[in-house]
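Colleague: Show me the folded form of this:
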Amino acid sequence: MLLLAQYPFLNLYLHEGPSKALEAQWQGFVTSSVFRQAVAEALDWAREHRITGWVADDRLLGPVRPADMEWIASEIMPELVRVGLRRLARIEAEDPLNQLLIKQMHSAAYELAPFEQRLFTDVAQARAWASGTDTEVATGKTTTH
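Modeller: Sure thing, here's the model as predicted:
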């Protein structure tokens, strides 16, 4: 796992495996403008490394505005599709309101997105699945997380 960028509120990692995956590990609250700037930077890293997997570690993410979730669904998700995203692993936020907002955004995006999304409680499993190093890739089994 390679650290690409580090901020007080976010760490961005690259995972190499059969597929490359970017991990956005949120560390706390950020304002709307900083959140959008950080997500846009993560998208730039995704393009540069031609990722096919994404790990959204939202456990410590502070409150996010509904307008920011709508922006991700309308602007960022289509770009991730263009980059070639095939797997999105989510680790749910601890904040109940964030859980609801993020779940709604991902549900709406799922309708339009040609990539697989899964919810994980174990970070290592999420990383393995997103980067294609999990055993189900080798065995062809599909499981629900």
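Colleague: For Trp71, which three-state class applies?
Modeller: Put simply, Trp71 is helix when judged by DSSP: H, G, I helix; E, B strand; the rest coil.
Colleague: Tell me how many other residues crowd it.
Modeller: For Trp71, the count of nearby residues is 17 (other Cβ atoms under 10 Å). C-betas here are computed from N, CA, C, even on glycine.
Colleague: And the nearest residue to it once chain neighbours are set aside, how far from Leu22?
Modeller: Leaving aside its sequence neighbours, Trp71 sits nearest to Arg36 (Cβ to Cβ, 6 or more residues apart in numbering; 6.5 Å). Distance, Arg36 to Leu22, using Cβ to Cβ, to the nearest Å: 17 Å.
Colleague: Those two: who's more crowded?
Modeller: Leu22 (27 against 17).
Colleague: residue contacts, the more buried one?
Modeller: Shown in contact with Leu22 (Cβ atoms under 8 Å, 6 or more residues apart in numbering): 4, 12-15, 42, 45-46, 49, 51, 53-55.
Colleague: ok, 7 Å please
Modeller: Leu22 makes contacts with 12, 14, 42, 45-46, 49, 51, 54, as judged by Cβ atoms under 7 Å, 6 or more residues apart in numbering.
Colleague: Among the residues you listed, name the ones in strands.
Modeller: Mapping these onto strands (DSSP state E) picks out 12, 14, 54.
Colleague: got the residues you listed as JSON lines, with neighbour count, distance to Leu80 and pLDDT columns?
Modeller: Output for the ones in strands among the contacts of Leu22, formatted as JSON lines (neighbours: other Cβ atoms under 10 Å; distance: Cβ to Cβ, whole Å; pLDDT from 0 to 100):
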{"residue": "Leu12", "neighbour count": "19", "distance to Leu80": "14", "pLDDT": "98"}
{"residue": "Leu14", "neighbour count": "18", "distance to Leu80": "15", "pLDDT": "97"}
{"residue": "Trp54", "neighbour count": "25", "distance to Leu80": "7", "pLDDT": "96"}
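Colleague: and stretch 24-41, how far from the chain's centre?
Modeller: From the chain centre to the centre of stretch 24-41 is a distance of 12 Å (Cα atoms, centre = their mean, to the nearest Å).
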